[in-house]
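Asker: When you get a sec, could you give me coordinates for this:
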Amino acid sequence: MKLKGKIAAITGGSAGIGLAIATAFLREGASVVIMARDPAKGAAAAEQLGGGERSVFIQGDATVQADIEGFVDGTIERYGRIDILVNNAGGAGDLLPLVDLTDESFDYTMKLCVYSTFWATRRALRSMLEQQFGRIINISSVEGKIGKPVFSSYTAAKHAVNGLTKSTAQEVGADGITVNAICPGLIITDIVKANGPATAKAMGLTFDEMVDLFSQESAIKRPNKVEQVAETAVLLASDVGAGITGATWSVDGGTAPY
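Answerer: Prediction:
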């Protein structure tokens, strides 16, 4: 029960990494509020979590400022405070060579990854600064540390998330608030299964070839699992993680060089 009594808000919480983090947080005693774009999937995820009054779904689109801020406000309205914010919503528009990227696609990726993190963090900090406590965990990516062909917009966005993490940590560390990023490597989530073939095609590969390439770039030679990211989030959210801030934690099987 490392998070007993804590209130956690998780964007992109209906599947994949976000749902795994919500599951782990509930197990450790927190109440969780998840946000997702699809109301049916969000409601189903909240039911799957099985937390009763401790697991709540709020519908919202991470690329819309009003939805993100409403999600944070809704968490505070329901529980009276927000102790942990996990900025998990992310993804990319088109994964294409830079010369083929449109402004609209690049802008979408920035809103989904960077602006959503900025909006949610700014809103949550107002409450966290008052209570002099908070844990902010940004789900970045190995692409926040390295680059790959056709990933330019996503790589730029995740580097920005890491930079935002480091600077915010310096601003609020003396107020009892930690800010960290987790940088996962390849994980075969549902969204990767859905979007991966198109990405692989842009790279001139089949999906299986892309998975093998990314796996071979790591030290462990295989994809990671969502549970490994979730357990890292538990550590950073708990009292054990109180002395960790401004860090970008690689959970990538040894892919990134730092």
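Asker: among the helices and strands of the chain, which one scores worst on average pLDDT?
Answerer: Lowest on mean pLDDT, DSSP states H and E among the helices and strands of the chain sits helix 190-202, with a mean of 87.
Asker: which parts of that one are buried?
Answerer: For helix 190-202, burial by neighbour count (16 or more other Cβ atoms under 10 Å) applies to V192, G196, T199, A200, A202. Heads up, the C-betas are built off the backbone N, CA and C, glycines and all.
Asker: ditto for stretch 92-100
Answerer: For stretch 92-100, a neighbour-count test (16+ other Cβ under 10 Å) marks A92, G93, D94, L95, L96 as buried.
Asker: can you check stretch 107-127 too?
Answerer: 108-121, 123-125, 127.
Asker: do the same with stretch 14-30
Answerer: By neighbour count on 16+ other Cβ under 10 Å, the buried set for stretch 14-30 is 14-26, 28, 30.
Asker: now stretch 171-185
Answerer: Using 16+ other Cβ under 10 Å as the test for burial, stretch 171-185 gives V172, I177, T178, V179, N180, A181, I182, C183, P184, G185.
Asker: That one - what's its average pLDDT?
Answerer: Averaged across stretch 171-185, pLDDT comes to 98.
Asker: Centre of the chain to that stretch, how far?
Answerer: In terms of Cα atoms, centre = their mean, to the nearest Å, the centre of stretch 171-185 is found 13 Å from the chain centre.
Asker: Check which helices and strands the longest strand along the chain sits against.
Answerer: If you go by DSSP state E, the chain has its longest strand at strand 177-184. Here strand 177-184 touches helix 116-131, strand 134-139, helix 152-172, helix 226-237, strand 248-251, going by 3 or more Cβ pairs under 8 Å, 6 or more residues apart in numbering; DSSP states H and E.
Asker: Let's see that with 10 Å instead.
Answerer: Using 3 or more Cβ pairs under 10 Å, 6 or more residues apart in numbering; DSSP states H and E as the contact test, the elements touching strand 177-184 are helix 16-27, strand 84-87, helix 116-131, strand 134-139, helix 152-172, helix 226-237, strand 248-251.
Asker: angle of that strand against helix 152-172?
Answerer: 160 degrees (axes from the mean of the first three to the mean of the last three Cα atoms, to 10 degrees).
Asker: Great, nothing more from me.
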